[in-house]
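Student: Here is my input, please return the structure:
(4 chains, ligands or ions: 4)
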Amino acid sequence: GAAPEETEESGDGAASDFLPCIVSDFGGFDDKSFNQLSKEGVEKAADELGVTAKEVESNAETDYAPNLENLVAQGCNTIASVGFNLSAATVDVANANPDIDYILIDDAADNDFDGEKDAEAIKPLLYDTAQAAFLAGYLAAGYSEADKVGTFGGEEFPTVTIFMDGFTQGVDYYNEENSADVEVVGWDGETGSFTGGFDANPAAKTVAQNIIDQGVDVLLPVGGPIYQSALQAIKESGEDIALIGTDSDLFEKDPDTQDYVLTSILKSMDLSAYEAVMASANGEFDTEAYIGTLENEGVGLADLHNFSDKVDAELVAEVDELEQAIISGDLTVESYLE
Amino acid sequence: MTAAAEAPLVSDAKRHVAVTSWKAPAIFALFTVLFALLPLFGPRDGVSTFRLVADASAVIRLPDLVLPSNPTAWVCVVLMAAATVAAAARARAHRPQPLWLITAYVVFLLLGFLAWASAGGTLPMIGLLSGALALATPLIFGALGGVIGERVGVVNIAIEAQLLAGAFSAALVGSLTGTPWLGLVAAMLSGLLVSLVLAVFAVTYFVNQIIVGVVLNVLVIGLTTFFYGTLLNPNSDTLNSPELFPRIAVPLLSEIPVIGPVLFDQTVVVYLMYAVVFVVWFGLYRTRWGLRLRAVGEHPQAADTVGISVIATRYANVMLAGAIAGMGGAFYTLVSNPQFGREMTAGAGFIALAALIFGKWDPIRATLAALLFGFATNLQGVLSVIGSPVPSQFMLMLPYVVTLFAVAGLVGRSRPPAASGQPYIKS
Amino acid sequence: MSAAEGSPSVQTPSRWHDAMRRVTTGNGLIAVLAVLLSLIAGSILIAITDADVQATAGYFFARPADTLSALWHAVSGAYVALFNGAVYNLNADGFVAGIRPLTESLKFATPLIAAGLGVGLAFRAGLFNIGGQGQMLMAAAAAGYVGAYMQLPVVLHLLLAIVAGVLAGGIWAGIAGVLKARTGAHEVILTIMLNHIAFYLLAWMLATQGVLQAPGSNNPKTAPMHDTAILPELLGPAFNLHAGLILALIAVAATWWLLERSSLGFRFRAVGENPHAARVAGISVGRTYAYVMIIAGGLVGLAGVSQVLGTVPTGFAGDIDAGMGFDAITVALLGRSSPLGILAAGILFGVFKAGGFSMQAAEGVPNEVVLVVQSLIVLFIAAPPLVRAIFRLPQPGRRIVRKPKRAKREVTA
Amino acid sequence: MKLELRGITKRFGALTANDDIDLTIEPGEIHSLLGENGAGKSTLMNVLYGLYQADEGDILIDDVEQHFAGPGDAMAAGIGMVHQHFMLIPVFTVAENVMLGHEQTRLGGRLDLAAAREKVREISDRFGFHVDPDALVEDLPVGVQQRVEIIKALSRDAQVLVFDEPTAVLTPQETDELMSTMRQLRDGGTSIVFITHKLREVREVSDRITVIRLGRVVGEAEPTASNAELASLMVGRSVELTVRKDEPQLGGEELVVSHLTVTDAAGTVVVDDVSFSVHGGEVLVIAGVQGNGQTELTEAIVGLQDRATGSVLLGGSELIGRSVRDVLDHGVGFVPEDRSVDGLIKEFSIAENLMLDRSHGEPFVRHGSVQIGTLDDFAVEKIDEFDIRTQGPWQPAGRLSGGNQQKVVLARELSRDLSLFVAAQPTRGVDVGSIEFIHSRIVDTRDSGTPVIVVSTELDEAAALADRIMVMYRGKVVGIVPGDTTREQLGLMMAGMSGDAAGATGANA
Ligand SMILES: Nc1ncnc2c1ncn2[C@@H]1O[C@H](COP(=O)(O)OP(=O)(O)OP(=O)(O)O)[C@@H](O)[C@H]1O
Ligand SMILES: Nc1ncnc2c1ncn2[C@@H]1O[C@H](COP(=O)(O)OP(=O)(O)OP(=O)(O)O)[C@@H](O)[C@H]1O
Ligand SMILES: [Mg+2]
Ligand SMILES: [Mg+2]
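Tutor: Ligands and ions are numbered 1, 2, ... in the order given. Just a heads-up that it's a prediction; the model follows:
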């Protein structure tokens, strides 16, 4: 390639010296899930600000505190921590260095469970994913011809089961409303099917396979890359099974899924993280907890894309109505966030 | 000696007494009692359906096997009790326990348990078995690599590294070249490379083999994760989306009820696995290669004194072992899922290690051990799908608990190749 | 496999073993060169990831100096960050802030030393304890339960939590030891299986109210430890170094005494070197296996204790072992299963761990580089002839053939 | 073919194991090498066989210089060796061991086991070996393993055969058979190098004798030389070849064994209803061909056999059912048969080996702690007392020569207050100088009033030590006879003929 001019400006004056930073939970930034989405949000903000974000990965619980402390030492202005696991360490660091803005994703920063945030400088970002999953459950139940829909998770974490809970409630609601008898395979509200990890490996695939063997025609895998295993199992079954994505719109994120993905349960961590970082950069940071809901579009249901003509327009309308009902509070979806 | 032969001898024959082992009947009795507690305290209503065909397209169609759950469980308890009595009778009579009795007992136990656990549900037998096979396949490759390594005297703790390196390069090369075949070759080569490092350090530099193995695991996790993060993931369209091997149904064989679709509707990697199991078994016990390999692993100096190069034999076979384990790695990214993920083998190499010890360093037994593990894993998967009241964490524990019991209860002492782990140091 | 029969340092034939000891311990140079070689290898990875290097490499032939300078900046920057983050922070104002990284390294070394002792002790008795993960998890569970959910007076609380953790680790390892002693099952399988069982058992406990899950929480995580159960900070609140280090040092001394001076340790070593002769001399091999696993598990348990009561006293989740059960194997082997060696190896690893965070934060160097450098160091240190060959140092005297060993018979416990 | 070693020097670090050794083996001769433990005999042979590379010197075959990079080359040149430590794979069959390294294969790379079996049978028949080609080597008695080694060498058409201490583990009959085999081979033109510590054998079979001491050739001797001459040439001083032994001062029946039966894991009865007693101050030698239950019998007494029934009363208290440690604490001293596996921890120092069976209490352990000072003093004392040739008490025991290793075991077992002393093959593989010493220590023990059991396959040893001799065959007692029973009668008894019958036959013969 051609060499650039010798005289290099160290950025234009407009680029601020604002430094946004982010720490991942274990799983790393390429987990195709919350770490990745949050990072995308922070990066987007950094791009707009013309700066480079500092990104550090944690591989274990003992890494959180040193990672956060090192970021503080690096002079970060905003630090985003991803996941409930980082909560306690973030609280500690935030109390020790209160002049930095902290964003804590997926946790209320209340480790003594007194209903109060434990550190002033933290802005918790929470997502009532159950609301969106409820819609997905209703949609799936309506779509299912086999009257059987399935779901499974990576590990039994609340951030995982909240999807499965909402989904199951949606199916139940469908059954009530339409006196139908759609069954959820893989989760009964208490126990269910888990792969034991978040790897797209043979274990995840056989779990998907086992659920498919029960005759479901909609499948909701919850937990990062394990959707790939589900997709593969669906392909190999040779049957007409729809896939529901989580976190972001699978249709757009992974083109391989386009023929299979009915919809996705959105959890807009990218967006809220982006907004929080921008607010911090612009001096508008507030530490009020943010709860993503259908109402503020922090969670939602993705477009049906290729499936729009396969799903009854009537069903779609019902789902829309339900969404409104949830937003208006006429209908409540239960989740651990209450 | 001739004089002695004519003279009155003090009885020439050694006396034999029968050894009475109450182990089998005791274990049988224990499990019978434990199992009887299930239908007793947790009676289940309804029927259990065992589905024996994969889908409507099967040529030979078997009807579903429908059994009333609780009664079936009780019948099995009775049959198990009968087997226990039979075992006890044989033990009293100082006779050994035949394989058929043990097999029968295990079948009753399994059938009873499945009937009880799947009350009201449908148990897809083919899914259960083919899932078990899928879970076992990489373990089998890994365990075979371990068997060869240890049989030639080099402990292969680096199976995990070989699997992971195999999975990584299979994904990378498979994506770059667009053909899974080259991906498979790359997997074998990278497994081979890992074991070449093992050989250099362990054989040439006499470094403790366990150190090298443990360290190689860390090294390969580090390298693959590093390149995944810096190379594969950012360019996942071009570098991390290999094409998978297609399933190929073997004509006729795949039509055999139940086992046909399980064993003979698979990808080429699985067929290769059958071949490798056979070849390793045959080679190990029937060929010059195997004889020399085992000699070097049992008594390297003896092998040396008959002109076999211990060093060369160890190098060649350790590398072969790596290539085989590498194939197992390819299963992850060329059969199971068309993408590499960080540390995606998730400790399978250690399970393979356990399988090869469980299998007493024998290719067939190690394969069976891996299959048992796969079966236990998938059984828990199927049971948790059809609805088990047990918390998921306990279900996920099942295969490990089964292995623990199997090793402690049934296998017991096992003898590794005598020189396994020992460097061969020559002047 | 070999681990079943003898510790690595002892199973190699004595003459070679001795030669090896002379060469390596007598030659600090090799260790330094090994570290140097590994750092060079690490530099390659650092250079690959560095954006400036990538950019300038594009026009390398037009202006190679750019690439070289970018290379230098990337690599030196990373290693300076490592030094700053792990040994002494040159940018800090004042000694107190400057020395903090060293205390961080010691903090990370603490569990590695304790767990390394557990693995090393088992090695010396001829057992390969690959079950550090499970032992740490169970110890963490027990210590965490006492620490977070029991109310006790000051000193007693901490003591009880420590004892509970050490006991739990000992019991968990003891299961493997007793099963091996009674049934002859191979400890490698047993401990691997117990790792997974412990993992899921802890996962269940963490997800269950009334066991380990923080009251009122839905997350699989415990409540924070009570103040009375937290290992005191050694150097005041400015540092994270906690009394776990003292415990680890005591454990080093105790293990040294146990192995080198005590009668029980004598039996451990006897069984590790030659179980047949030990049995003939009236030492119960099975009993020894059980004891050694229990003590080894207790030592590993101490690592778990130090994690939950010292390093992360704010409550823990399911991966509190942080992979140290396996790191401990490397530490034990690098330390040649001797307590002092393990102490040194543990500190070296602690340094890399602490430095890794700072390299990542300051220079964006991925964590895995540290893993790679660490593993290479171990390999090179273990193979002095290779290092000599690379640096063209003279090789010491030729080696010798050992007498063949008879195939070992199985020992009945 | 004529084999010549010229100026062979081989060093191990500071130690010169072979120092400028010249040796010529003429075609068709049996050439014996004599020397103390550690004189360098095995080392020289390993150089000849290509296992070690000489630091200096040449190997010539028919006056042509040879370069052996490894045993393969030596074998190709027609040299075969029966090693002191058998080079057999225990888990292989005889045929597999014999074919290893020059296997024939059939279609598909399959081993031609049939051909190997045929070969084994052929050689076995030629020499009357009676070896089953399909037997697992580990199941074979050592004597048969020995023959397998010979078959191995012969199957490669060796023209020079080295036997390194082949008779150490053989019974008298087996030794006689081996020697006739050697003569048979020599008469067929094969040259033989024969290493042994047993002077009787050397004189009986050799054509020429070379004596090595401290790595050098110190002289040649004729087969007609007397035992005493050979011994003093070997050791460099005069040696007493028979122990001075007074009439026994018998005490009470200290040890009473009745109906002792031991079965192995497979249910074979290896010790079959054995009863005998030993008085205080008496040596009972248990003679018999290896593998007839002697080992198991002693192990049962010490508590090492799990499946033992019957009774062993020592000073009135029952030993059966006790743990090994308990038995040792009762004052039983035990020298196991295989010192390198069961008697010593080679990696441990001499001092540590000396406290091995007293690791749980006084005097070496106080409050759970090993008393290093006490142990060091003790070790120095025992090294001196037992004349253990070492650089110091903290040297690893594995570095000692065989004879010295044996002395360590003996020193340990004889340094407690004993109520019974059991020694299995106490002088196996040990040179004449050390044998003299060990025998006199055993006699001393007897004279102090302790009952002593010695297991030996060595008739010379039995004759030298025994007050009474008990012969075992197939796990049963053939008879208990006085210590001065003739070699012939004992030989017959060891073949299973009852004492009286053997006495009669022996008298007739
Ligand atoms: N591989 C080796 N390394 C170092 N020293 C050795 C080695 N092999 C033998 N030695 C030493 O060389 C000397 C000669 O040993 P060698 O085995 O040749 O004796 P030997 O005459 O065969 O004795 P024995 O009668 O006990 O078999 C001994 O001091 C022995 O300890
Ligand atoms: N045969 C044996 N093999 C292994 N361990 C044993 C054996 N006998 C005892 N131990 C154990 O070793 C430890 C010390 O042994 P024990 O207390 O019996 O000996 P001691 O002489 O009373 O004590 P110490 O060894 O402290 O002087 C104890 O934990 C004991 O249970
Ligand atoms: Mg609060
Ligand atoms: Mg010798």
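Student: Near ligand 1, which residues of the stretch 301-450 of chain D? Just list them.
Tutor: Proximity of the stretch 301-450 of chain D to ligand 1, by CB under 6 Å from any ligand atom, involves residues D:401-402. Yep, even glycine has a C-beta here, placed from its N, CA and C like the rest.
Student: Run a quick neighbour tally on the residue in the stretch 301-450 of chain D that ligand 2 sits nearest to.
Tutor: Across the stretch 301-450 of chain D, the shortest distance to ligand 2 (CB to the nearest ligand atom) belongs to D:Gly368, at 3.3 Å. D:Gly368 is flanked by 14 other residues according to other CB atoms under 10 Å in any protein chain shown.
Student: Identify the residues contacting it.
Tutor: C:262-264 (CB atoms under 8 Å, 6 or more residues apart in numbering or on different chains).
Student: repeat for C:Met150
Tutor: By CB under 8 Å, 6+ apart, the neighbours of C:Met150 are C:157, C:160, C:226, C:229.
Student: Not including adjacent chain positions, what is the nearest residue to the first one?
Tutor: Nearest non-adjacent residue to C:His157, counting by CB to CB, 6 or more residues apart in numbering or on different chains: C:Thr228, 4.0 Å away.
Student: that's a strand at that neighbour, yeah?
Tutor: No: under DSSP: H, G, I helix; E, B strand; the rest coil, C:Thr228 sits outside any strand and is assigned helix.
Student: before we move on, back to that, now, which of the contacts of D:Gly368 sits nearest D:Leu492?
Tutor: If you rank the contacts of D:Gly368 by distance to D:Leu492 using CB to CB, C:Ser263 comes first, at 50.0 Å.
Student: who are the neighbours in contact with residue 331?
Tutor: I'll assume chain A. So, once contact is read as CB under 8 Å, 6+ apart, A:Leu331 ends up touching A:173, A:322, A:325.
Student: I was thinking of chain D, sorry if that wasn't clear
Tutor: Counted by CB under 8 Å, 6+ apart, D:Gly331 has contacts D:314, D:416-420.
Student: how about it, phi and psi?
Tutor: Backbone geometry at D:Gly331, expressed as degrees, to the nearest 10, gives phi 90, psi 30.
Student: Now do the helices in the stretch 101-250 of chain B.
Tutor: Assigned by DSSP state H, counting those that start in this stretch, the stretch 101-250 of chain B shows helices spanning B:125-151, B:159-177, B:180-199, B:209-227, B:236-239.
Student: same question, the stretch 51-200 of chain A
Tutor: So, for the stretch 51-200 of chain A - with DSSP H, counting those that start in this stretch - the helices run A:64-73, A:87-96, A:129-143, A:158-178.
Student: Output the first one as PDB, nothing but the C-alphas.
Tutor: Listed next in PDB are the C-alpha coordinates belonging to helix A:64-73 (Å, rounded to 0.1, in the frame of the first residue of the first chain):
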ATOM      1  CA  TYR A  64     -13.700  -8.300  37.400                       C
ATOM      2  CA  ALA A  65     -12.100  -6.200  40.100                       C
ATOM      3  CA  PRO A  66      -8.600  -6.000  38.600                       C
ATOM      4  CA  ASN A  67     -10.100  -5.200  35.200                       C
ATOM      5  CA  LEU A  68     -12.200  -2.400  36.600                       C
ATOM      6  CA  GLU A  69      -9.300  -1.100  38.600                       C
ATOM      7  CA  ASN A  70      -7.000  -1.100  35.700                       C
ATOM      8  CA  LEU A  71      -9.600   0.800  33.600                       C
ATOM      9  CA  VAL A  72      -9.900   3.400  36.400                       C
ATOM     10  CA  ALA A  73      -6.100   3.700  36.300                       C
END
